[in-house]
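Participant: Fold the following, please.
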Amino acid sequence: MKNIDWKSLGFAYMDTNCHVRYVWKDGKWDAGELVTSPYMPIHIAATALHYGQAAFEGLKAFRRKDGKASLFRPEENAKRMQTTARRTCMAEVPTDLFVDACKRVVKANLEYLPPYGTGGSMYVRPLLFGSGAQIGVAPADEYTFLVLVTPVGAYYKGGLQAVKAVVFDDYDRAAPQGTGHVKIGGNYVAGLYPHQLAKKMGYPVELYLDAKEHKWIDEFATSNFLAITKDGTYVTTKSPSILPSITNLTLQQLAKDNGIPVEVRPVAFDEVTNFAEVAACGTAVVVTPVCQIERAGRVYKTGPETGCGPVLQKLYNAVQGIQYGEQPDAHGWNVEVE
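Facilitator: Numbering: from 1, shown residues only. Model (predicted):
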């Protein structure tokens with residue numbers, strides 16, 4: 001066990017023992033290797049550098065109450081990366097290889113896995129990119145798949161904290177029929193500038209509307225949008241331009257398990273006044289309550305100003321309970337590492 005102040009961990013990168021790296025060439029993946037250096041050589045004409053042929057995923061490993069280490073739903077991340085690979089003409093990483101790679105690197109870095117009870121976890125970042133040289137606009141003939149890990153603490157110390165969001169009508173996250181539904185770096189770099197603007201205005205998160213009409217809610221900058229209506233229905237957006245969040249799918253299933261109606265449908269921005277609770281959901285935090293949304297100078301109240309609403313808190317507790325082994329894993333979502 002490393003001498004780390006686990007309870008003071010934030011959400012930032014920390015070097016660990018190693019990452020695992022595989023190379024695809026001539027139609028097949030190699031056996032992979034554990035690499036200790038956090039740096040790697042890359043060809044100056046690699047397609048990832050010139051044409052953005054790069055995809056990533058994010059998931060977590062947990063030290064459970066029973067002392068075992070497990071990954072949370074890695075097969076779903078594998079499927080999503082395969083969808084991204086097909087859309088960006090990259091070699092697909094088979095599900096078995098993906099899951100085995102995640103297990104392999106977590107096992108090699110177990111001393112960096114925060115102990116049960118600290119609120120921490122291990123963030124697992126799979127990365128797939130075109131490493132072959134190509135000066136013309138075309139797919140690479142070589143791909144690299146790697147998985148790195150880093151320990152992270154509870155995103156919010158002392159419980160969930162409500163945040164304020166802002167809508168920028170001058171900026172779009174992704175175009176209809178574009179690449180908003182896959183997890184590529186280009187979707188995130190497009191949001192860096194508006195995110196800086198939001199931070200200067202005192203908003204930690206931005207909410208994006210559909211690029212065609214600016215009428216329908218798409219998603220937050222790095223997380224899906226979800227809401228609880230005043231009559232207790234779980235509502236989340238349906239759009240071809242948003243990333244299918246594994247956290248959102250998990251929350252939907254747990255809502256159904258608890259008798260909460262679930263609606264996945266287009267959500268007009270004008271509906272925000274009908275919601276009792278609103279949140280952004282994703283791997284880093286599970287849910288981030290959003291207490292208000294500003295658009296064009298008008299402020300819309302969307303939930304409690306402090307903490308989290310009762311329905312979202314219940315669902316958050318359920319997810320965390322399964323991840324840390326405090327509640328039964330009825331759906332078999334935890335994949336043991338050791």
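
Participant: Just the CA trace of stretch 225-238, in PDB.
Facilitator: Taking only C-alpha atoms (Å, rounded to 0.1, in the frame of the first residue of the first chain), the coordinates of stretch 225-238 have been written out as PDB:
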ATOM      1  CA  PHE A 225     -28.800  15.500 -18.700                       C
ATOM      2  CA  LEU A 226     -31.400  13.900 -16.400                       C
ATOM      3  CA  ALA A 227     -34.300  15.300 -14.400                       C
ATOM      4  CA  ILE A 228     -37.000  14.200 -12.000                       C
ATOM      5  CA  THR A 229     -40.400  15.700 -12.700                       C
ATOM      6  CA  LYS A 230     -42.600  17.000 -10.000                       C
ATOM      7  CA  ASP A 231     -44.700  13.800 -10.200                       C
ATOM      8  CA  GLY A 232     -41.600  11.600  -9.700                       C
ATOM      9  CA  THR A 233     -40.700  10.500 -13.200                       C
ATOM     10  CA  TYR A 234     -37.100  10.100 -14.400                       C
ATOM     11  CA  VAL A 235     -36.600  12.000 -17.600                       C
ATOM     12  CA  THR A 236     -33.500  12.000 -19.800                       C
ATOM     13  CA  THR A 237     -32.900  13.200 -23.300                       C
ATOM     14  CA  LYS A 238     -33.000  11.300 -26.600                       C
END
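
Participant: Could you list the buried residues of the helix-or-strand element of the chain with minimal mean pLDDT?
Facilitator: Among the secondary structure pieces of the chain, namely its helices and strands, helix 185-189 has the lowest mean (mean pLDDT, DSSP states H and E), a mean of 93. Applying a neighbour-count criterion of 16 or more other Cβ atoms under 10 Å, the buried positions in helix 185-189 are N187. Quick note: C-beta positions are derived from backbone N, CA and C, even for glycine.

Participant: helix or strand right after it?
Facilitator: Under the assignment DSSP states H and E, the closest C-terminal helix or strand after helix 185-189 is helix 192-200.

Participant: Could you identify the helix or strand that succeeds that next one?
Facilitator: Read in the C-terminal direction, the helix or strand following helix 192-200 is strand 205-209, with elements assigned using DSSP H and E.

Participant: for that following strand, packing partners?
Facilitator: Under the contact criterion of 3 or more Cβ pairs under 8 Å, 6 or more residues apart in numbering; DSSP states H and E, strand 205-209 touches strand 163-167, helix 192-200, strand 217-220, strand 286-295.

Participant: for this structure, what spans make up the helices?
Facilitator: Per DSSP state H, the chain has helices spanning 47-51, 74-87, 95-108, 185-189, 192-200, 246-257, 310-323. These are given in chain order.

Participant: Nearest to R295, out of these?
Facilitator: Smallest distance to R295 across those (Cβ to Cβ): 12.3 Å, for helix 192-200.

Participant: Report the inter-axis angle for that closest one versus strand 163-167.
Facilitator: With axes from the mean of the first three to the mean of the last three Cα atoms, to 10 degrees as the criterion, the two stretches helix 192-200 and strand 163-167 enclose an angle of 130 degrees.

Participant: Flag every buried residue along helix 192-200.
Facilitator: 194-195, 198.

Participant: residues in contact with stretch 168-188?
Facilitator: In this structure, residues lying in contact with stretch 168-188 by Cβ atoms under 8 Å, 6 or more residues apart in numbering are 52, 54-57, 80-81, 83-84, 87-88, 190-191, 193-194, 197-198, 206, 208-212, 214, 218-219, 221-222, 239-244, 295-296.

Participant: What subset of these is buried?
Facilitator: Neighbour-count burial (16+ other Cβ under 10 Å) is assigned, among those, to 52, 54-57, 80-81, 84, 88, 190-191, 194, 198, 206, 208-211, 218-219, 221-222, 239, 241-243, 295.

Participant: Just give me the neighbour total for V267.
Facilitator: The number of residues packed around V267, counting by other Cβ atoms under 10 Å, is 22.

Participant: Then the one 3 residues further on?
Facilitator: Neighbours of D270 under the rule other Cβ under 10 Å: 11.
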